[in-house]
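[1] Coordinates for the following, if possible.
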Amino acid sequence: MRRQWWIVAAVVAVALWFFVSIEPVLAPFFVSMVLAYLGDPLADRLEDRGLSRRLAVTVVFVLLILVVVLTLVLVVPILGRQFGQLVEAFPAILNWIQQTVLPEVQSLTGLDLSTDFDALRQAVVENWKETSTIAATLLAQVSRSGLALVGWLANLALIPVVTFYLLLDWDVLVGKVRRMLPRQWEPAAVRLAGECDEVLSAFLRGQLIVMLCLGVIYGIGLTLLGVRFGLLIGLLAGLASIVPYLGVIVGIAVAGVVTFFQFHDWLMLVGVGVVFGFGQLMESVVLQPKLLGDKIGLHPVAVIFAVLAGGQLFGFTGVLLALPVAAMVMVILRYLLENYKNSTLYDAGQKTPQRSSVPSSDEETS
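    Predicted structure coming up:
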């Protein structure tokens with residue numbers, strides 16, 4: 001039995017080494033896997049309504065393409081324009097902080113922060129200018145390297161192809177993996193897989209929809225208020241909502257600074273608060289109960305740690321996989337904790353033999 005465990009450990013170690021070695025080429029396959037996982041339930045429902053698997057997958061695939069195309073055509077140009085305007089306005093915002101905010105802070109607290117802020121402002125402006133040219137530099141570099149450009153385009157073209165075939169054979173692949181499991185492990189593995197699927201589906205489908213809805217609510221609300229970069233700030237706040245309360249904190253802070261700098265009116269800050277308050281109300285009353293419930297269970301600190309650790313270990317692929325892997329690890333740890341509490345190791349100290357209340361013959365003699 002111990003030899004079998006060593007064989008399993010060796011196979012897992014070799015598999016991990018192999019995937020780490022080919023990590024640069026895995027990104028399109030992981031993206032395709034996530035898209036196929038998200039689309040499989042809809043394809044199953046269409047199959048239940050009488051469509052063939054191929055036709056159901058085709059319908060889902062077309063819907064995914066329409067969503068991506070509409071996002072690229074309608075949203076990306078607006079965000080690009082607003083980001084460019086933000087780059088242009090950023091030095092003016094820093095000047096306003098230095099000339100208006102810092103004197104107020106000095107009059108209230110007696111602290112002179114102008115010297116430190118001067119150095120900070122200079123460093124930020126220099127780095128901000130460099131950041132704004134990163135995309136152009138990267139594009140020029142890719143253009144100069146024909147092989148890199150071909151590889152990048154090939155990876156991009158792989159995503160729809162791999163997604164289609166994964167969607168087509170998803171249930172078949174799941175069935176084959178299940179039949180490959182050792183028979184004695186199958187019940188526990190199927191149970192864990194079901195719990196992982198519940199957590200992942202709640203996160204990948206539910207949480208992404210919640211983030212998108214919050215971004216739309218924040219973006220539309222700020223745009224109706226007339227706040228510059230309203231859509232950009234709203235969508236960034238929606239993305240930051242992957243960590244509970246982080247989105248609303250980041251959104252209010254950024255939108256408040258931009259709004260006050262734009263209007264110099266404290267009442268407009270009340271409007272910003274109303275927008276984010278309405279978003280939080282919708283999340284608490286409608287979005288979270290309907291889409292998530294209590295299925296995820298990932299602590300905010302665990303979310304932050306997973307994203308940072310995944311990015312540090314495996315780059316962009318690690319960021320993509322961080323939260324799904326963290327959700328599955330949470331399910332496995334919960335299973336191990338349950339087994340540990342049912343083991344003799346956990347309650348061995350509680351099962352000490354009780355001393356008899358009847359005196360022994362030696363005690364009677366003494």
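[2] going forward, measure contacts and count neighbours with C-alpha atoms only.
    OK.
[3] and Tyr245, how many neighbours?
    14 (other Cα atoms under 10 Å).
[4] One more: the one 5 residues further on?
    Burial measure for Val250: 18 neighbouring residues, criterion other Cα under 10 Å.
[5] From what I see, it and Ala237 are in contact.
    Yes: at 6.2 Å, Val250 counts as touching Ala237 under the criterion of Cα atoms under 8 Å.
[6] what number of residues lie near Leu212?
    Residues contacting Leu212 under the criterion other Cα under 10 Å number 18.
[7] so where does the closest residue to Asn155 other than its chain neighbours fall, helix or strand?
    Nearest residue to Asn155, sequence neighbours excluded (Cα to Cα, 6 or more residues apart in numbering): Pro28, at 5.9 Å. Element membership of Pro28, judged by DSSP states H and E, is helix 27-48.
[8] mean confidence score for the longest helix anywhere in the chain?
    Ranked by residue count, the top helix of the chain under DSSP state H comes out as helix 300-341. Across helix 300-341, the average pLDDT comes to 77.
[9] What of stretch 251-267?
    Over the span of stretch 251-267, the pLDDT mean works out to 84.
[10] packing partners for the longest helix of the chain?
    helix 27-48, helix 186-201 (3 or more Cα pairs under 8 Å, 6 or more residues apart in numbering; DSSP states H and E).
[11] Tabulate the ones you listed in CSV, adding columns for distance to Ile220 and mean pLDDT.
    Formatted as CSV, these follow (distance: least, Cα to Cα, whole Å; pLDDT from 0 to 100):
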stretch, distance to Ile220, mean pLDDT
helix 27-48, 27, 84
helix 186-201, 28, 80
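[12] do you know which of these lies nearest Val325?
    Among the helices and strands packed on helix 300-341, the nearest to Val325 by Cα to Cα is helix 186-201 (9.0 Å).
[13] Report the angle between that closest one and helix 27-48.
    100 degrees (axes from the mean of the first three to the mean of the last three Cα atoms, to 10 degrees).
[14] tell me which residues of helix 186-201 are tucked away?
    By 16 or more other Cα atoms under 10 Å, the buried positions in helix 186-201 come out as 189, 192-193, 195-197, 199-201.
[15] and the helix or strand that that helix is followed by, how far out from the chain's middle?
    Under the assignment DSSP H and E, the closest C-terminal helix or strand after helix 186-201 is helix 208-225. In terms of Cα atoms, centre = their mean, to the nearest Å, the centre of helix 208-225 is found 17 Å from the chain centre.
[16] likewise stretch 257-272?
    Taking mean C-alpha positions (Cα atoms, centre = their mean), stretch 257-272 and its chain are 30 Å apart.
[17] mind listing what Ala306 touches?
    Ala306 sits next to 322-323, 326 when contact means Cα atoms under 8 Å, 6 or more residues apart in numbering.
[18] In a markdown table: those, plus neighbour count.
    Output for those, formatted as a markdown table (neighbours: other Cα atoms under 10 Å):
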| residue | neighbour count |
| --- | --- |
| Ala322 | 21 |
| Leu323 | 23 |
| Ala326 | 19 |
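[19] coming back round to it: measure how far the helix holding Pro28 is from the centre of its chain, please.
    18 Å.
[20] Give me the helices and strands touching it, please.
    helix 53-70, helix 146-168, helix 300-341.
[21] Output these as CSV; include the columns distance to Ile242.
    Shown next, in CSV, are the helices and strands packed on helix 27-48 (distance: least, Cα to Cα, whole Å):
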stretch, distance to Ile242
helix 53-70, 21
helix 146-168, 24
helix 300-341, 8
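[22] out of those, nearest to Gln184?
    helix 300-341 (16.2 Å).
[23] what about the helix or strand immediately after the closest one in the chain, distance to the chain center?
    Downstream of helix 300-341, the first helix or strand assigned by DSSP H and E is helix 344-347. Distance of helix 344-347 from its chain centroid, counting by Cα atoms, centre = their mean, is 37 Å.
[24] repeat for stretch 299-311
    With Cα atoms, centre = their mean, you get 9 Å for stretch 299-311.
[25] For that stretch, buried residues please.
    Buried residues in stretch 299-311 (16+ other Cα under 10 Å): 302-303, 306-307, 310-311.
[26] and if you look at stretch 238-258?
    238-243, 247-248, 250-252, 255-256, 258.
[27] and Ala327, how many neighbours does it have?
    Residues near Ala327, counting by other Cα under 10 Å: 24.
[28] how close does Leu168 get to Phe263?
    Computed as Cα to Cα, to the nearest Å, the Leu168 to Phe263 distance reads 54 Å.
[29] so Gly215 makes contact with Leu235?
    Yes: Gly215 is in contact with Leu235 according to Cα under 8 Å; the separation is 4.1 Å.
[30] Need the three-state assignment for Leu51.
    coil (DSSP: H, G, I helix; E, B strand; the rest coil).
[31] what's the burial count for it?
    Using other Cα under 10 Å, Leu51 has 15 neighbouring residues.
[32] Repeat that for Leu64.
    So Leu64, with other Cα under 10 Å, has 16 neighbours.
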